[in-house]
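In: Provided below are the primary sequence and the corresponding predicted coordinates.
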Number of protein chains: 2
Amino acid sequence: MPRVLVVDDDSELRATIKEVMESEGLITDSAENAEKGLMLLKDNIYDIVLLDVIMPKMNGIDAIPLFLNTQAKSKIIIMTAYSTVDTAVEAMKKGAADYLTKPFKINELMITIMRILEEQKFKDCAEELDIDCALSTMANPIRRQIIHLIDQNKTLRFMEITRALGISDHTKVNFHLKVLKESDYIIQNSEKIYRITDKGDKILSCLSVIEQNLSS
Amino acid sequence: MPRVLVVDDDSELRATIKEVMESEGLITDSAENAEKGLMLLKDNIYDIVLLDVIMPKMNGIDAIPLFLNTQAKSKIIIMTAYSTVDTAVEAMKKGAADYLTKPFKINELMITIMRILEEQKFKDCAEELDIDCALSTMANPIRRQIIHLIDQNKTLRFMEITRALGISDHTKVNFHLKVLKESDYIIQNSEKIYRITDKGDKILSCLSVIEQNLSS
DNA sequence: GATTTCTGTGAACTGGAGTTCACAAGAGTG
DNA sequence: CACTCTTGTGAACTCCAGTTCACAGAAATC
């Protein structure tokens, strides 16, 4: 059940948004300024933060990094009456997920929120699949050996890898290379030399961290 | 085939050690001072570094951290004629694997080196088993869900976990909990409440790093 | 051009992780 | 004390990752 935080100094707007959000099944808290919003964020997990710009003490644009530092996975939607291209760009640069100009129809806000939640759910699924793939693929010791080998020697072709591994059945190595290729961790150039991809580099970073974590 | 680096200003000792090492099958390089030793270390991987203490410019004890920063997996054996408790303690604190007092029998040095190489091989095996266990265990999505769940809720017992996962067959959950227990990632207290162990915390760190790495 | 090496594909098999179902003892509850 | 819930164990089964073996086309080498 998604949670929403409304940060706005207009108490009437806060009440209206809260009412509509909760009628749609979104648990909604609110704060009248950024400081109070940050305090709420410290103790609760919010999927969405609706953030006004013009507020006493700290304006919403400046608050974006503070909100994201506190809770990186929150999606921030900026709401402002004084919309300019400059502030929109600045907000997006600082990490806002979207930007709405007051006054807006509450329906429009709902649609934006639902879209963002849906996108995030999709992204979470894709991410979980990546993690699943990474762990499953690298759980095999032969594939770990292969990826370390290719990382250390940037000129190896198929049979050279097979010999370096000391594996007599080349079709066994072929199978594991195929798995690594299909996961986009390694690639072959036109001379059939194997290289680590960017994704493969990330996997190697992960393996390195795992190794360090477990050896202490 | 293990590689050894001898760093000593006594050229005769360097030659003697090199000769004996290589007759035992250890590829051996040498340097007359720590600077030259560090240069060799930058371009080569050494399993063992034999390091004198009294040397011009930089003494061996001060050089230990520089050597280990350049190549963390090298094992440093300090060789000194002026042995004191203080320098021995200092060397070990700075990361030396062992400490020999000159003059020593070359046989004693060989025994020390072989022991260290054997210990490291054993440690590497244990570490690789830990990595294998971690990746295999966490490759399963149900077990990932379980460990995140226990991390977030520190009061759950068996059937509560089963219900939270939405799994109808409790023996399925029982199976996965057993696997996590056997890997020492979770533990149950006397009230049957599940907790994450220190090792489990490390696994969660690894998963977090993997997640961050793959989502960018 | 014959032979060797490289780099595949494919099918049958194997082993074991994971699932499912049966069953049950102990603890808690009414 | 009867019933419900919790927490198991165990066996049979399923599914699939991984292995092994057979085979073969293309490229390189002699």
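Out: Arrived safely.
In: output stretch A:142-157 as CSV, nothing but the C-alphas.
Out: Taking C-alpha atoms only, stretch A:142-157 is exported to CSV below (Å, rounded to 0.1, in the frame of the first residue of the first chain):
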residue,chain,number,x,y,z
ILE,A,142,33.3,-22.2,-13.6
ARG,A,143,31.6,-19.1,-14.8
ARG,A,144,33.3,-17.1,-12.0
GLN,A,145,36.7,-18.5,-13.1
ILE,A,146,35.9,-17.6,-16.7
ILE,A,147,35.0,-14.0,-16.0
HIS,A,148,38.1,-13.5,-13.8
LEU,A,149,40.2,-15.0,-16.5
ILE,A,150,38.8,-12.8,-19.2
ASP,A,151,39.2,-9.8,-17.0
GLN,A,152,42.9,-10.6,-16.4
ASN,A,153,43.7,-11.5,-20.0
LYS,A,154,42.2,-9.3,-22.7
THR,A,155,43.3,-11.4,-25.6
LEU,A,156,41.8,-14.8,-25.1
ARG,A,157,39.8,-16.8,-27.6
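In: chain center to that stretch: distance?
Out: Remark: stretch A:142-157 is offset 29 Å from the chain centroid, using C-alpha atoms, centre = their mean, to the nearest Å.
In: please apply the same query to stretch A:119-127.
Out: For stretch A:119-127, the distance to the chain centre is 8 Å (C-alpha atoms, centre = their mean).
In: repeat that for stretch A:157-172.
Out: On C-alpha atoms, centre = their mean, the centre of stretch A:157-172 falls 38 Å from that of its chain.
In: and it, anywhere near chain B?
Out: No. Judged by C-beta under 8 Å from any C-beta of the partner chain, stretch A:157-172 and chain B are separated, with a smallest distance of 14.3 Å. In this view, the C-beta of every residue, glycine as well, is placed from N, C-alpha and C.
In: could you give the mean pLDDT of that stretch?
Out: Averaging pLDDT along stretch A:157-172 gives 94.
In: pull up the distance across that stretch, start to finish.
Out: 15 Å (C-alpha to C-alpha, to the nearest Å).
In: do stretch A:3-11 as well
Out: 19 Å.
In: may I see the buried residues of that stretch?
Out: A:Arg3, A:Val4, A:Leu5, A:Val6, A:Val7, A:Asp8, A:Asp10 (16 or more other C-beta atoms under 10 Å in any protein chain shown).
In: which one of these is nearest to DNA strand D?
Out: Proximity of the buried residues of stretch A:3-11 to DNA strand D (C-beta to the nearest atom of the strand) peaks at A:Arg3, which lies at 27.7 Å.
In: now do the contacts for the closest one.
Out: A:Leu26, A:Ile27, A:Thr28, A:Asp29, A:Asn44, A:Ile45, A:Tyr46, A:Asp47, A:Ile48 (C-beta atoms under 8 Å, 6 or more residues apart in numbering or on different chains).
In: from those residues, which ones fall inside strands?
Out: Counted as lying in strands by DSSP state E, out of those, are A:Ile27, A:Thr28, A:Asp29, A:Ile48.
In: quick check on those residues: which are buried?
Out: Judged by 16+ other C-beta under 10 Å, buried ones among the ones in strands among the contacts of A:Arg3: A:Thr28, A:Asp29, A:Ile48.
In: around DNA strand D, pick out the residues from chain A.
Out: By C-beta under 7 Å from any atom of the strand, the residues of chain A that approach DNA strand D are A:Ala139, A:Asn140, A:Ile142, A:Asp169, A:Thr171, A:Lys172, A:Phe175, A:His176, A:Val179.
In: quick check: PyMOL command selecting the buried ones in those residues.
Out: In PyMOL, a selection of the buried entries from the residues of chain A next to DNA strand D looks like this (16+ other C-beta under 10 Å):
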select buried, chain A and resi 139+140+176+179
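In: turn the residues of chain A next to DNA strand D into JSON lines, including secondary structure and distance to A:Met114.
Out: Below are these laid out as JSON lines (DSSP: H, G, I helix; E, B strand; the rest coil; distance: C-beta to C-beta, whole Å):
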{"residue": "A:Ala139", "secondary structure": "coil", "distance to A:Met114": "37"}
{"residue": "A:Asn140", "secondary structure": "coil", "distance to A:Met114": "41"}
{"residue": "A:Ile142", "secondary structure": "helix", "distance to A:Met114": "45"}
{"residue": "A:Asp169", "secondary structure": "coil", "distance to A:Met114": "53"}
{"residue": "A:Thr171", "secondary structure": "helix", "distance to A:Met114": "50"}
{"residue": "A:Lys172", "secondary structure": "helix", "distance to A:Met114": "49"}
{"residue": "A:Phe175", "secondary structure": "helix", "distance to A:Met114": "44"}
{"residue": "A:His176", "secondary structure": "helix", "distance to A:Met114": "43"}
{"residue": "A:Val179", "secondary structure": "helix", "distance to A:Met114": "38"}
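In: dump the residues of chain A next to DNA strand D to JSON lines, plus distance to A:Thr70.
Out: Shown next, in JSON lines, are these (distance: C-beta to C-beta, whole Å):
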{"residue": "A:Ala139", "distance to A:Thr70": "35"}
{"residue": "A:Asn140", "distance to A:Thr70": "39"}
{"residue": "A:Ile142", "distance to A:Thr70": "43"}
{"residue": "A:Asp169", "distance to A:Thr70": "54"}
{"residue": "A:Thr171", "distance to A:Thr70": "53"}
{"residue": "A:Lys172", "distance to A:Thr70": "50"}
{"residue": "A:Phe175", "distance to A:Thr70": "46"}
{"residue": "A:His176", "distance to A:Thr70": "43"}
{"residue": "A:Val179", "distance to A:Thr70": "40"}
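In: show residues contacting the helix-or-strand element of chain A with minimal mean pLDDT.
Out: When each helix and strand of chain A is scored by mean pLDDT, DSSP states H and E, helix A:85-93 comes last, with a mean of 87. Applying C-beta under 8 Å, 6+ apart, the external contacts of helix A:85-93 come out as A:Val53, A:Gly60, A:Ile61, A:Ile64, A:Ile78, A:Thr80, A:Tyr99.
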